[in-house]
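# Okay, predicted coordinates and the sequence, questions at the end:
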Amino acid sequence: MLTQTHKQWSVLTMNTVAFACNFAVWTMFSIIGLKIKDELGLSDTEFGVLVATPILTGSITRLPLGILTDRFGGRIVFFVQMILVASATYGLAFATEYWQYLVAGLFVGLAGGSFAIGIAYTSAWFEKERQGTVMGIFGAGNAGAAITNLVAPMIVVAAGWQMVPKVYSIAMLIMAIVFWFFTYNDPMQEERKRSGTHKKLADQLAPLKELRVWRFGLYYYFVFGGFVALALWLPKYYVGEYGLDLQTASFITILFTLPSGLVRALGGYVSDKAGARMVNWWVFWISAGCLFILSYPQTSFIIHGMKGDMAFDISLGVWPFTMLIFVVGIAMGFGKASVYRILHDYYPDNMGSVGGMVGVLGGLGGFTLPILFGLLSDFTNIRTSCFMLLFGLVGVCMLWMNYSILQLRKESDLLGVG
């Protein structure tokens, strides 16, 4: 007879690994998209739309998938979702025209909806005191983006980009089967079965009327949406800005995606101990400082001095740039954990719907930001414009957070609850 503790950690492990597999699929256009861009002669804007298309589906499906998880339990919903993703991913290998890639990408994007399932399924198994830690561990599945940065280029070199979705689809099917045999129905779902009572849809959606949910959604738009957008955009940025080949650019991008994913577990633990709001403040300040430096484009200028001209060059080499991106990734990893720790403080019984809605907004960041990156790049002719946009976004987050704290202080003396 398996103990409750054994079941808890078995479910958490399977959730995390399954989420990592889904995330690898969700972000594979960051690698194969560059090959498709070259084949079809796409502009930066068209490339941004291509890599963002799967993110759209993964975003808008998070709320319904979260609601389904609250209603039917995470085990069955996660299993069915992975089977559907495996089928759609395999079909991508046979697309030949731009519109076909966009349509296939919409179906592959269901992989991104896995977050809403897994976060609610994980939360249902653990007590309040460990929510930040366990949700952070689950969220470390974001490191699936690093799997794509590492594995996909090798597959492309060895067998062509069409082999990537074929290999990924088989891996996803195997993951679904393993997941089913090593997970269990969560205690809350079992209790609902015994009592015959289920949450009404209206009750699940009621918290979404609160402005606070949308504020948390904006935070997640930056920390998660920004992470996904950069994971998709950085290989192209390295190729264009520093003249690296695709494989080298992809490997260096791992220094952003892998630590950002793995540190999410630590971010959840620190949020449990130090408070999620405090973590958010540090995330925003550190991100703002790094993004300000990253925003400055390569610049050469001449000062006409009294004794002659003096030439200056302001630019970031590949390794200083990578170190700043590494720090931004770490900050975003902490932020992804702290936002969901705050959510559980306020909505412990509605993590499927509220967590799903915040996940939608974060996912929409991953969808809209690459498109905006492409538009800004084409319009301004400045490659660092993507970081200018992110700097402005984190500034808005900080202003709204500061305003909400001032309002709380007016209403009560209770700090750390917001």
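Ah, there it is.

# Can you give me the distance of residue 148 to residue 307?
When distance is defined by Cβ to Cβ, to the nearest Å, residue 148 is 54 Å away from residue 307. Bear in mind the C-beta positions are built from the backbone N, C-alpha and C, glycine included.

# Can you pick out the residue with more neighbours from those two?
residue 148 (29 against 5; other Cβ atoms under 10 Å).

# show me the contacts for the closest residue to that one other than its chain neighbours.
Counting by Cβ to Cβ, 6 or more residues apart in numbering, the nearest residue to residue 148 once its immediate chain neighbours are dropped is residue 24, at 4.7 Å. Contacts for residue 24 (Cβ atoms under 8 Å, 6 or more residues apart in numbering) come out as 144-145, 147-148, 151, 168.

# do residue 366 as well
Taking Cβ under 8 Å, 6+ apart, we find residue 366 in contact with 52, 55, 58-59, 112, 224-225, 227-229, 232.

# Restricted to helices, list those residues.
With DSSP state H as the criterion, helices contain 52, 55, 58-59, 227-229, 232 from among the contacts of residue 366.

# List the residues that contact residue 128.
Under the criterion of Cβ under 8 Å, 6+ apart, the contact partners of residue 128 comprise 344, 348.

# So what does it look like in phi/psi?
Recorded main-chain torsions at residue 128 are phi -60, psi -40, according to degrees, to the nearest 10.

# okay, it: pLDDT?
Each residue has a pLDDT score; the one for residue 128 is 71.

# same question, residue 6
With respect to pLDDT, residue 6 has a value of 85.

# Ok, residue 387 next?
pLDDT, the model's per-residue confidence, is 93 for residue 387.

# What of the one 5 residues further on?
Predicted confidence (pLDDT) at residue 392: the value is 94.

# Distance of it relative to residue 354?
Taken as Cβ to Cβ, the spacing of residue 392 relative to residue 354 amounts to 27 Å.

# Which one's more surrounded, the two?
In this comparison of residue 392 against residue 354, neighbours counted by other Cβ under 10 Å, the higher total goes to residue 354 at 29 against 12.

# Which members of the contacts of residue 24 are positioned in helices?
Under the assignment DSSP H, those contribute 144-145, 147-148, 151, 168 to helices.

# from those, which has minimum pLDDT?
The minimum pLDDT among those falls on residue 145, with 77.

# Apart from its chain neighbours, what residue comes closest to it?
For residue 145, the spatially nearest residue (Cβ to Cβ, 6+ apart) is residue 257, at 4.0 Å.

# mind listing what residue 23 touches?
111-112, 114, 141-145, 147, 261.

# again, only this time at 6 Å
Under the criterion of Cβ atoms under 6 Å, 6 or more residues apart in numbering, the contact partners of residue 23 comprise 141-142, 144-145.

# all helices for the stretch 1-150 of the chain, in order.
If you assign secondary structure with DSSP state H, counting those that start in this stretch, the helices in the stretch 1-150 of the chain sit at 4-26, 29-40, 44-60, 62-72, 74-92, 98-108, 114-123, 131-139, 144-159.

# winner for burial among those?
Per-stretch averages of neighbours, counted by mean count of other Cβ atoms under 10 Å, single out helix 114-123 among the helices of the stretch 1-150 of the chain, with a mean of 29.

# what distance separates that one from the centre of its chain?
The chain centroid and the centroid of helix 114-123 are separated by 14 Å, computed with Cα atoms, centre = their mean, to the nearest Å.

# Stretch 35-52 now?
Relative to the mean C-alpha coordinate of its chain, stretch 35-52 is positioned 21 Å out (Cα atoms, centre = their mean).

# What of stretch 55-69?
Per Cα atoms, centre = their mean, the displacement of stretch 55-69 from the mean C-alpha position of its chain is 13 Å.

# quick one: contacts of it?
Under the criterion Cβ under 6 Å, 6+ apart, residues 26, 77, 106, 109-110, 112-113, 116-117, 120, 204, 352-353, 355-357, 359-360, 363-364, 366-367 lie in contact with stretch 55-69.

# next one: stretch 327-343
In this structure, residues lying in contact with stretch 327-343 by Cβ under 6 Å, 6+ apart are 132, 135-136, 139, 216, 219-220, 223-224, 227, 256, 259-260, 263-264, 267-268, 271, 276, 279-280, 283, 286-287, 290, 354-355.

# Which members of the residues you listed occur in helices, if any?
Secondary structure defined by DSSP H assigns 132, 135-136, 139, 216, 219-220, 227, 256, 259-260, 263-264, 267-268, 271, 276, 279-280, 283, 286-287, 290, 354-355 of these to helices.

# Good, we can wrap up now.
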